[in-house]
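Participant: this is the structure alone, sequence omitted:
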Ligand SMILES: Nc1ncnc2c1ncn2[C@@H]1O[C@H](COP(=O)(O)OP(=O)(O)OP(=O)(O)O)[C@@H](O)[C@H]1O
Ligand SMILES: [Mg+2]
């Protein structure tokens, strides 16, 4: 019974939201042009799905860009975070820099990126990577700084070199917070890339959202909203499940 | 035991910022000797071990090891068992022992074999793949001891390695450890709160006073080697533990 309690609460809330949505639209309280009724959105989804490539094509473009952006960001941010976090001097100097820069709305750089890298895929990947960089770098720095001091002293006494110390003490000790940072980074990269596609794209989920929003075709706009939400939630869930399994494997 | 001095602590004072942990410690440890440090909690015993091991720089004075001044960790010559053990929670017992050799650059195959041997020595040969949180407190302490024994270091610094055990088990394990260390000719500095443990295992006992610690007395143990549990019933043994306890408790009596 307890196993089903959580899914049950999700179902109940989803049903309530859907019912309210349907009620608002069919009662005429909200114009269908502003908020499409669920049954029409469902029909629009079904229409799109008649040619699955209509949906899967943009999704695969967006996912590919996200994967590249995330991988690049994680590959650069992890070593930087480990090195900065495990040195008191570097940490004092650069941790504030990381947190401050991460608070800048980096999207203001998009015009610059678009001008230098073109409006194609690469500028979107670059913006996504920029957004994904900071959560990973900050989480890794913090985690590396918080490594149990007793383990640090023991490694020092056993003569660990700096590289051995980072590889065998800092990295395993920081793995869990690192993964949390990566989860945030992955979600941010995805959202950023969808937004960039929306602003100036020729392909991808964001581009489809943009096209649908200009066409006064409210049901299909909402169909794409549903697709985008499902995609972000799906990516997050899959990432969480895989990393939990990997962490379990490493820490066992 | 030879007459050669291996560790020499000279007028060493230790502090952590404004906190003074020890004042003017002076004592020697000969090669192959077993020396215990006893004293009230917080008197600076762990700090003294850290200074000998090069993990804490003396405010004044010097520590000499094999003739040269200790200025930092010397993993080839010194191995530690820390009071808080410092086992890596994500490593199995075997891999916790291996880590000492890994940092020393020993090949995977050799370090696995040597680590397994060290686990056997401390009686944990049957649980190499358990993680620290799956071991009892006493078993964790034995993993830490195996990790200290696995290296070739000639000096062993042990900080209350049997604190988690009952008096009987700690004396039994202590006796086994002693035999092992005698065979390997290791020099040992051993911190303990147990007077009978200090008396049973040591060649000499350094008695420290309350904070900030100074040395009150260095006592030679009048028992022959090798030690045997029956010696704990000898009159000399009781005289010694009585003397130790009166030294430790005399500060509590107040002005006489
Ligand atoms: N890392 C540290 N930072 C600041 N002060 C410390 C630190 N470690 C120890 N001290 C202080 O130094 C003094 C001596 O501590 P130490 O750990 O050497 O005592 P101890 O004799 O080993 O005590 P116990 O028997 O309780 O283990 C204490 O006053 C303690 O508060
Ligand atoms: Mg201590």
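Facilitator: Thanks, I have it. Every value quoted in this text rests on a predicted model; they were computed, and no experiment measured them. Numbers count the residues shown, from 1 in each chain, chains lettered A, B, ... in the order given. Ligands and ions are numbered 1, 2, ... in the order given.
Participant: spell out which parts of the stretch 151-252 of chain A neighbour ligand 2.
Facilitator: Proximity of the stretch 151-252 of chain A to ligand 2, by CB under 5 Å from the ion, involves no residues. For the C-beta atoms, the positions are set from N, CA and C on the backbone; glycine is no exception.
Participant: now the stretch 151-252 of chain A against ligand 1: closest residue?
Facilitator: Across the stretch 151-252 of chain A, no residue is closer to ligand 1 than residue A:153, which sits at 9.4 Å (CB to the nearest ligand atom).
Participant: per-residue confidence for that residue?
Facilitator: For residue A:153, the model assigns a pLDDT of 93.
Participant: go on, residue B:182?
Facilitator: On the pLDDT scale, residue B:182 is placed at 88.
Participant: show the contacting residues for it.
Facilitator: With contacts taken as CB atoms under 8 Å, 6 or more residues apart in numbering or on different chains, residue B:182 has the following neighbours: B:32, B:225-226.
Participant: name the next helix or strand downstream of the helix or strand containing it, please.
Facilitator: Assigned by DSSP states H and E, residue B:182 belongs to helix B:167-184. Later in the chain than helix B:167-184, the nearest helix or strand by DSSP H and E is strand B:187-191.
Participant: helices or strands next to that next one in the packing?
Facilitator: strand B:5-16, strand B:19-30, strand B:34-38, helix B:45-52, strand B:155-159 (3 or more CB pairs under 8 Å, 6 or more residues apart in numbering or on different chains; DSSP states H and E).
Participant: for ligand 2, what's its nearest residue on the stretch 51-200 of chain A.
Facilitator: Residue of the stretch 51-200 of chain A nearest ligand 2, by CB to the ion: residue A:150 (12.4 Å).
Participant: residues near the closest residue to residue B:170 other than its chain neighbours, how many?
Facilitator: Nearest residue to residue B:170, sequence neighbours excluded (CB to CB, 6 or more residues apart in numbering or on different chains): residue B:162, at 3.8 Å. By the criterion of other CB atoms under 10 Å in any protein chain shown, residue B:162 has 26 neighbours.
Participant: ok so, going back, for the closest residue in space to the residue of the stretch 51-200 of chain A closest to ligand 2 that isn't next to it in sequence, give me phi and psi.
Facilitator: Spatially, and ignoring its direct neighbours in sequence, residue A:150 is nearest to residue B:86 (4.4 Å; CB to CB, 6+ apart). Backbone dihedrals for residue B:86, given as degrees, to the nearest 10, come out at phi 50, psi 50.
Participant: so what's residue A:148 up against?
Facilitator: Remark: with contacts taken as CB under 8 Å, 6+ apart, residue A:148 is in contact with residue A:173.
Participant: repeat that for the one 5 residues further on.
Facilitator: By CB under 8 Å, 6+ apart, the contact set of residue A:153 is B:55, B:82, B:86.
Participant: residues of chain B that sit close to ligand 2?
Facilitator: Within chain B, the positions near ligand 2 by CB under 5 Å from the ion are B:46, B:83.
Participant: and with 8 Å instead?
Facilitator: B:41-42, B:45-47, B:49, B:83, B:159-160, B:191 (CB under 8 Å from the ion).
Participant: show me how to select, in ChimeraX, the buried members of these.
Facilitator: Of the residues of chain B next to ligand 2, the buried ones can be selected in ChimeraX as follows, counting by 16 or more other CB atoms under 10 Å in any protein chain shown:
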select /B:45,46,47,49,83,159,160,191
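Participant: I'd like to know which elements the helix or strand hosting residue B:246 is packed against.
Facilitator: Using DSSP H and E, residue B:246 sits in helix B:235-249. In terms of contacts (3+ CB pairs under 8 Å, 6+ apart), helix B:235-249 is packed against helix B:195-201, strand B:204-208, strand B:215-220.
Participant: give me the buried positions along that helix.
Facilitator: If you call a residue buried by 16+ other CB under 10 Å, then helix B:235-249 has these buried ones: B:237, B:240-241, B:243-244, B:247-248.
Participant: for stretch A:119-137, same thing?
Facilitator: In stretch A:119-137, counting by 16+ other CB under 10 Å, buried: A:119, A:121, A:123-137.
Participant: model confidence for residue B:164, exactly?
Facilitator: Note for residue B:164: predicted pLDDT of 82.
Participant: report the central residue of chain A.
Facilitator: With distances taken as CA atoms, centre = their mean, residue A:187 lies nearest the centre of chain A, 0.9 Å away.
Participant: ok, it - contacts?
Facilitator: Each residue near residue A:187 by CB under 8 Å, 6+ apart is listed here: A:232, A:235-236.
Participant: quick check: it vs residue A:240, distance?
Facilitator: With distances taken as CB to CB, to the nearest Å, residue A:187 is found 11 Å from residue A:240.
Participant: what do you get for residue B:165?
Facilitator: Noted for residue B:165: a distance of 42 Å to residue A:240, by CB to CB.
Participant: what about those two, which has more around it?
Facilitator: Remark: of residue B:165 and residue A:240, residue B:165 carries more neighbours, 20 against 14, as counted by other CB under 10 Å.
Participant: which ones are touching the more buried one?
Facilitator: Residue B:165 is in contact with B:137-138, B:141, B:173, counting by CB under 8 Å, 6+ apart.
Participant: please identify which of those is nearest to ligand 2.
Facilitator: Nearest to ligand 2 among the contacts of residue B:165: residue B:141, at 14.1 Å, using CB to the ion.
Participant: can you count the residues close to the closest one?
Facilitator: Residue B:141 is flanked by 24 other residues according to other CB under 10 Å.
Participant: list the buried residues in the helix or strand that it is a member of.
Facilitator: Assessed by DSSP H and E, residue B:141 sits inside helix B:137-150. Buried residues in helix B:137-150, defined by neighbour count with 16+ other CB under 10 Å: B:138-150.
Participant: tell me the one of those nearest ligand 1?
Facilitator: The closest of the buried residues of helix B:137-150, once distances to ligand 1 are taken by CB to the nearest ligand atom, is residue B:141, at 14.4 Å.
Participant: surely that closest one meets residue B:163?
Facilitator: Yes: using CB atoms under 8 Å, residue B:141 is in contact with residue B:163, at 7.5 Å.
Participant: can you pick the most crowded of the contacts of residue A:153?
Facilitator: Comparing the contacts of residue A:153 by number of neighbours (other CB under 10 Å), residue B:82 comes first, having 24 neighbours.
Participant: what's near enough to touch that residue?
Facilitator: Here residue B:82 is in contact with A:150, A:153-154, B:144, B:159 (CB under 8 Å, 6+ apart).
Participant: how about a cut-off of 7 Å?
Facilitator: Residues in contact with residue B:82 (CB atoms under 7 Å, 6 or more residues apart in numbering or on different chains) are A:150, A:154, B:159.
Participant: hey, what's the last one bridged with?
Facilitator: Meaning residue B:159. For residue B:159, the beta-bridge partners are residue B:191 (DSSP bridges).
Participant: so what's the residue of the stretch 51-200 of chain B found nearest ligand 1 closest to, chain neighbours aside?
Facilitator: Sorted by distance to ligand 1 under CB to the nearest ligand atom, the residues of the stretch 51-200 of chain B start with residue B:83, at 5.6 Å. Among residues not flanking residue B:83 along the chain, residue B:159 sits closest, at 4.0 Å (CB to CB, 6+ apart).
Participant: now do that neighbour against residue B:144, distance only.
Facilitator: Counting by CB to CB, the gap from residue B:159 to residue B:144 is 10 Å.
Participant: so what sits against both of the two?
Facilitator: Residues touching both residue B:159 and residue B:144 by CB under 7 Å, 6+ apart: residue B:81.
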